[in-house]
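Novice: sequence and computational prediction follow.
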Amino acid sequence: MTEGDEQHDAVVGSKLLKDDERWNDVTPIYHSDAENAVVPIAASEEFKDAFAYFRAIVQKDERSERALQLTTHCAELNSANYTVWQYRRNILQSLGSDLHQELKYCAAIIEDNPKNYQVWHHRRVLVEWTKDPSKEIDFTDGILRDDSKNYHAWQHRQWVVEHFKLWGEAELDYSARLLEEDQRNNSAWNYRYFIISNTTGFKGDILEREINATLALIAKAPHNESSWNYLSGILLDAGQSASQQVVEFCESLYSDKKRRSPYLLSFMVDTLSEKIDKGNDAKDNVERAVKLLDELQQIDPMRRKYWLYQKRSIENAVQSKIGA
């Protein structure tokens, strides 16, 4: 039996609060307009009863053990209710409750509701209050093992690392492990970018390491958009153009029709466009970019109009220079 179960039993037992003499001193507040609502919300008798008493204790600002137990009951009925969690925090502070026990309770709720924003926010506040992030890395790892793309877990992990300055090789190793398991995990790519951009930055040996590692993963799955986005992003962050190594890698992929992808062609177009924008608008660069954009219209028909726009933009830019 969890702490939440114990609190639930303590506050409601097996009957409604309106039938519990321990709550006789509280006048419940029911929704007066519920019956006349255009689209009435279906709710159980237990739900109506619990929240009627919850409204009453909020109105009188009661901060007691039974009020805390009532918030447990209400959270069980609707764990996404912001007011329930906010008022629970008010009570915890007033009572001087054991926040580490509350973190255990919060963990149990998150495990049952891993994508509930309100509960994750509650956990963040608790960690801020305790100033103890020692369990958060392992906790988020456990959640991400079940769902490696859980946005709330990633957001919490980023906050913990940034707030408590937990930058380090361990977090880079963590992202690398996840990418080895699933290189299409866009969240892991984003996390890796987050760690590096907030520590060493993408320069020198770091940039070279990241380029090499990314090219290796692209070679395994050339149709994976996430890795191409990462490659473009780190080059942009570093203010670098694609190196000869990267250009040759792209040409090697392009030579094999089975390994061509819209992401490869788009990256090649961006590289050529950058050269053209910098004045290197040699005929072969323009012709190659136009050819690639024509091909993109065929292999990526969903964005055909965008690729046509890109083609016309390059052609118009070159024409304007000739006219000038």
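Specialist: Done, it's in.

Novice: which parts of the helix or strand harbouring residue 123 are buried?
Specialist: Using DSSP states H and E, the element containing residue 123 is helix 117-130. Neighbour-count burial for helix 117-130, counted by 16 or more other CB atoms under 10 Å, picks out 118-124, 126-127. In short, each C-beta sits where N, CA and C put it, glycine included.

Novice: what helices or strands is that helix leaning on?
Specialist: When contacts are defined as 3 or more CB pairs under 8 Å, 6 or more residues apart in numbering; DSSP states H and E, helix 117-130 packs onto helix 82-95, helix 99-112, helix 151-163.

Novice: any chance of these in TSV, plus mean pLDDT and mean neighbour count?
Specialist: Listed next are the helices and strands packed on helix 117-130 as TSV, based on pLDDT from 0 to 100; neighbours: other CB atoms under 10 Å:
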stretch	mean pLDDT	mean neighbour count
helix 82-95	98	17
helix 99-112	97	17
helix 151-163	98	18
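
Novice: need those helices in TSV with distance to residue 316, can you?
Specialist: Putting the helices and strands packed on helix 117-130 into TSV (distance: least, CB to CB, whole Å) gives the following:
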stretch	distance to residue 316
helix 82-95	51
helix 99-112	53
helix 151-163	40
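
Novice: low-confidence ranges, the chain, go.
Specialist: Per-residue confidence for the chain (pLDDT under 70) gives these ranges: 1-14, 32-41, 280-281, 320-324.

Novice: domains in it, as residue ranges please.
Specialist: 1-97, 246-324 (automatic domain parsing).

Novice: let's have the ones you listed in TSV, adding distance to residue 200.
Specialist: Output for the domains of the chain, formatted as TSV (distance: least, CB to CB, whole Å):
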stretch	distance to residue 200
domain 1-97	37
domain 246-324	20
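
Novice: so which of these gets nearest residue 167?
Specialist: Evaluated over those, closeness to residue 167 peaks at domain 246-324, with 27.6 Å, by CB to CB.

Novice: please, where are all the helices along the stretch 101-250 of the chain?
Specialist: 117-130, 136-146, 151-163, 169-181, 186-197, 204-220, 225-238, 244-254 (DSSP state H, counting those that start in this stretch).

Novice: what's next to the last one, contact-wise?
Specialist: Outside helix 244-254, the residues that touch it by CB atoms under 8 Å, 6 or more residues apart in numbering are 211, 215, 218-219, 222, 231, 235, 242, 259-260, 264-265, 267-268, 271.

Novice: if you set the cut-off to 6 Å instead, what comes out?
Specialist: For helix 244-254, contacts defined as CB atoms under 6 Å, 6 or more residues apart in numbering pick out 215, 222, 259-260, 264, 268.

Novice: need those residues in CSV with neighbour count, can you?
Specialist: Converted to CSV, the contacts of helix 244-254 look like this (neighbours: other CB atoms under 10 Å):
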residue, neighbour count
215, 16
222, 19
259, 15
260, 17
264, 20
268, 22
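
Novice: out of those residues, who's nearest residue 293?
Specialist: Ranked by distance to residue 293 (CB to CB), the contacts of helix 244-254 are led by residue 268 at 10.1 Å.

Novice: show me what contacts that closest one?
Specialist: Residue 268 makes contact with 250, 292, according to CB under 6 Å, 6+ apart.

Novice: change it to 8 Å
Specialist: Listed by CB under 8 Å, 6+ apart, the contact partners of residue 268 are 250, 254, 292.

Novice: which of the helices or strands spans it?
Specialist: For residue 268, the host element (DSSP H and E) is helix 262-277.
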